[in-house]
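**Q** any chance you could fold what I've pasted below:
(one chain, ligands or ions: 1)
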Amino acid sequence: MDRLLIEGGVPLSGEARVSGAKNATLPILCAALLTEEPLTVTNVPHLRDVTTMLNLLAQMGVAISMDEQLGVELVAARIASPVAPYELVRTMRASVLVLGPLIARCGEARVSLPGGCAIGLRPVDQHLKGLQALGATISIEHGYMLARAKRLRSAHICMDLVTVTGTENLMMAAALADGTTVLENAAREPEVVDLANCLNAMGAKVQGAGSDIITIEGVTRLHGARYRAMADRIETGTFLAAAAATGGSITLRDVRPDILDAVLDKLREAGAHVTSGPDWIALEANGALNAVNVRTAPYPAFPTDMQAQFVALNSVARGTALVTETVFENRFMHVQELKRLGADIEVEGNTAVVKGVGHLDGASVMATDLRASASLVLGGLIARGTTTVDRVYHLDRGYERIEEKLSRLGARIRRAR
Ligand code: EPZ
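**A** Residues are numbered from 1 along each chain as shown. The predicted model follows:
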């Protein structure tokens, strides 16, 4: 099992390019199921979750190849098996994103219930409620969702809560439904917009993505397209937080500053100097950081996927910070591990009270979920001495070659088997 060895205390410096967004790529790959023509996706990040999704689609009969520009071409000419088996779904919850496209394209789907995960129960009731409103009949048998629909029909769906993949599943299903579907209380995340843009490039008629009311005028068929996935805003935020927390100065390229306001504002509030252009962001730490309070919520508020990284950043800031998690019910598993590095953090309900300490000291820590792992890497970069981060496979799910990118920014970090 891989682990990362980090010699901390080095301010990050230099330039790095950010990869394509995992959470945009995953639904966009599923959109290939909606047409028998080739969908080519570029800027696809080389991640464990992407490999898992490609394996799942291949198992269904999707032909997958790589072109000379490293674009991933998917051809779902015929879907031999509209099934997402438990063995794959339990390793990646985003597999549930095949449900909507399969029902729309094949009229049936057999998808394993995702089950819980480290950060919470993560039910999919909103996905099912919306698909039933669109005319699908769904039963749960032996841990699988069995869905059928002769032809999906339009509906006016008001989601009970904001769900990113729920919005994405319903948008894809409605793209081939009869009539015009309205999704109210839709997720506004940039990854939802990226999927909508890809669907429209395939001939869909989606309007309002990025707002909380999305209208999808169903069409009879979609055609192929070539689409470039957006940059990963969470990888961007993670590297900026690492530079700020280590007192460094970095520039990130191929990024989208326009969708990171909440994170950039918090970095400036902490005392970092942040500038940006159309596709770049530069951060320069100005000495010790000030503690900043954070409250996660759906976009455009502060992203839950950046919460753990800001707990690490606050652990060595001046003062006390309140970090409140409102999206998931169990997303503080990084706290116990950061305390092994000397952080002073107490969790009270859904809030972590982080008292800044003068320094952290290297130790062995264990990753538990994707973003918790990122905060432990930040902790190791900050701490004096050596930190070992175990179970790095969690990190590989969402960060492409993180140790190579951090090494290029001056970090003393290497992977050990
Ligand atoms: C997406 O997960 C992301 N994953 C998550 O990123 C991200 O943390 C999350 O959105 C919130 O932004 C992908 O896009 C692949 P939700 P998703 O449905 O869609 C509850 C990462 O680290 N809920 O928006 O699964 C749910 O339990 C991952 O990259 C229901 O109750 O999240 C949660 O409390 C982690 N019923 C809240 O809503 C439902 O039917 C938000 O979940 C659906 C969700």
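
**Q** contacts only, for residue 115.
**A** By Cβ atoms under 8 Å, 6 or more residues apart in numbering, the contact list for residue 115 reads 89, 90, 143. In this view, the C-beta of every residue, glycine as well, is placed from N, C-alpha and C.

**Q** tell me who's in contact with the closest residue to residue 114 other than its chain neighbours.
**A** Spatially, and ignoring its direct neighbours in sequence, residue 114 is nearest to residue 93 (4.2 Å; Cβ to Cβ, 6 or more residues apart in numbering). Contacts for residue 93 (Cβ under 8 Å, 6+ apart) come out as 114, 117, 122, 165.

**Q** one step back: can you pick the most crowded of the contacts of residue 115?
**A** Neighbour tally across the contacts of residue 115 (other Cβ atoms under 10 Å): the maximum, 23 neighbours, falls on residue 89.

**Q** look at it and report its pLDDT.
**A** Note on residue 89: pLDDT of 90.

**Q** beta-bridge partners for the residue lying closest to residue 344 once chain neighbours are set aside, please?
**A** The shortest distance from residue 344 to any residue other than its chain neighbours is 4.2 Å, reached at residue 355 (Cβ to Cβ, 6+ apart). Beta-bridge pairing for residue 355 (DSSP bridges): residue 320, residue 344.

**Q** do the same with the one 10 residues further on
**A** Residue 365 forms beta bridges with residue 389, as assigned by DSSP bridges.

**Q** residue 417: neighbouring residues, count only.
**A** Number of residues near residue 417 (other Cβ under 10 Å) recorded here: 5.

**Q** actually residue 144, not the one I typed
**A** By other Cβ under 10 Å, 18 other residues sit near residue 144.

**Q** now it: how far from the ligand?
**A** Distance from residue 144 to the ligand, counting by Cβ to the nearest ligand atom, to the nearest Å: 17 Å.

**Q** quick one: name the residues of this protein near the ligand.
**A** Contact residues, the chain versus the ligand (Cβ under 6 Å from any ligand atom): 22-23, 26, 93-94, 120-127, 161, 163-166, 191, 304-305, 327-328, 370-371, 398.

**Q** low-confidence ranges in the chain?
**A** In the prediction, the chain carries residues with pLDDT under 70 at positions 116.

**Q** chain neighbours aside, what residue packs nearest to the residue sitting furthest away from the middle of the chain?
**A** Taking Cα atoms, centre = their mean, the residue of the chain most remote from its mean C-alpha position is residue 150, at 32.6 Å. In space, residue 150 comes closest to residue 107 once its chain neighbours are excluded; the distance is 6.1 Å by Cβ to Cβ, 6+ apart.

**Q** my guess is that neighbour contacts residue 151. True?
**A** Yes - counting by Cβ atoms under 8 Å, residue 151 is a contact partner of residue 107 at 7.5 Å.

**Q** so these two - more neighbours on which side?
**A** residue 107 (15 against 12).

**Q** pretty sure residue 375 is in a helix, no?
**A** Yes - assessed with DSSP: H, G, I helix; E, B strand; the rest coil, residue 375 lies in a helix.

**Q** burial measure for it, as a count.
**A** Residues near residue 375, counting by other Cβ under 10 Å, number 30.

**Q** give me the number of residues near the residue nearest to it when sequence neighbours are not counted?
**A** The shortest distance from residue 375 to any non-neighbouring residue, by Cβ to Cβ, 6+ apart, is to residue 308 (3.6 Å). If you count neighbours by other Cβ under 10 Å, residue 308 ends up with 33.

**Q** try the one 5 residues further on
**A** If you count neighbours by other Cβ under 10 Å, residue 313 ends up with 32.

**Q** residue 412 now?
**A** When neighbours are defined as other Cβ under 10 Å, residue 412 has 15 of them.

**Q** ditto for residue 378
**A** Residues near residue 378, counting by other Cβ under 10 Å, number 30.

**Q** ok, it to the ligand distance?
**A** Residue 378 is 15 Å from the ligand, where distance means Cβ to the nearest ligand atom.

**Q** any idea how far that residue lies from residue 402?
**A** Distance of residue 378 to residue 402, given as Cβ to Cβ, to the nearest Å: 11 Å.

**Q** in the protein, mark out all the helices, start to finish.
**A** Using DSSP state H, the helices of the chain run over 22-31, 48-60, 86-89, 99-106, 125-133, 164-174, 190-201, 233-245, 261-269, 307-314, 333-340, 370-382, 393-396, 402-408.
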